[in-house]
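In: Build the 3D model from these lines:
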Amino acid sequence: MTLPGLHHRGKTESDAPVHALVLAAGLGQRFGGGKLHALYRGRPLLSHVLAVVEAAGNYGLLHGGHVVISSGDEQASRLVGRAGLVPVVNDNPKLGLSHSLRLGLASVKGQTSGGPGAAIVFLGDQPMVRLEVVEQLVTAWRGGRGGIIRPRYEAAGDVPGHPVLLSRRMWPRARFLKGDVGFSALMESSAPETVTLDVAGDNPGVDTPADLQTLKEARR
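Out: Predicted coordinates:
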């Protein structure tokens, strides 16, 4: 990993700041509720993701972060505040991931100065997300690689993963997305601008209690 600092070419549109957007307003129905506050290595799942976003800001990779949380989720609100990030309240999580994405992008666009050039979208139920993957996404984007950049983890085969970098020029397309399959539809409609980066390791999500138990057992 080359942290701290990135090496830039000459001034381009890709020199604009990159912001984080964490989607953490899911109902977690398959988990039985309260998923993002379930403990992994003694800390809530969400706190692991926020820690990586905070670290990426300290290294200068990211220049701010917004976190979409459900209304009334006071524990998430406290975690977001401790990480120095901006909470974005989703009053209707039942509308799915795409609704949270639209709310988050609107917040990033409306509450930041200096013209953010891209947002890296994290999922709050992926506690194994790594700082070096964030760096690879930012470096690829600053090198002009594409409008949507997504990692493909070695341990996950051919299935693309998260986090996903969305260049600002792609944000308006989010208005066409629906439900929880928004990312796939967005990438399919933007195929010429979609780039997949091969990265080491894995970044599994937690959907069920069994997923969390598997993650715990694998990392003993």
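In: okay, CA-based contacts and neighbour counts for the rest of this
Out: Fine.
In: A38 and L45 touch, don't they?
Out: Yes: assessed by Cα atoms under 8 Å, A38 is found in contact with L45 at 6.0 Å.
In: In terms of neighbours, single out the busier of these two.
Out: A direct count of neighbours by other Cα atoms under 10 Å for A38 and L45 places L45 higher, at 23 against 17.
In: From P127, how far out is that one?
Out: 5 Å (Cα to Cα, to the nearest Å).
In: any idea how far stretch 92-100 is from the chain center?
Out: Offset of stretch 92-100 from its chain centre (Cα atoms, centre = their mean, to the nearest Å): 15 Å.
In: quick one: contacts of that stretch?
Out: Contacting residues not belonging to stretch 92-100 are listed as 23, 25-27, 68, 70, 90, 174, 177-183 [Cα atoms under 8 Å, 6 or more residues apart in numbering].
In: Stretch 29-47 too?
Out: Residues from elsewhere that reach stretch 29-47 (Cα under 8 Å, 6+ apart): 24, 27-28, 75-76, 79, 124-127, 207-209, 212, 216.
In: Can I have the buried ones of the residues you listed as a PyMOL selection?
Out: A single PyMOL command is used to select the members of these judged buried by 16 or more other Cα atoms under 10 Å:
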select buried, resi 24+27+28+76+79+124+125+126+127+207+208+212
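In: the bottom helix or strand of this structure by mean pLDDT?
Out: Counting by mean pLDDT, DSSP states H and E, the weakest-scoring helix or strand in the chain turns out to be helix 182-189, with a mean of 63.
In: List the buried residues in the helix or strand following it.
Out: Next helix or strand after helix 182-189 toward the C-terminus (DSSP states H and E): strand 194-199. Within strand 194-199, the residues scored as buried using 16+ other Cα under 10 Å are T194, V195, T196, L197, D198.
In: Understood, closing this out.
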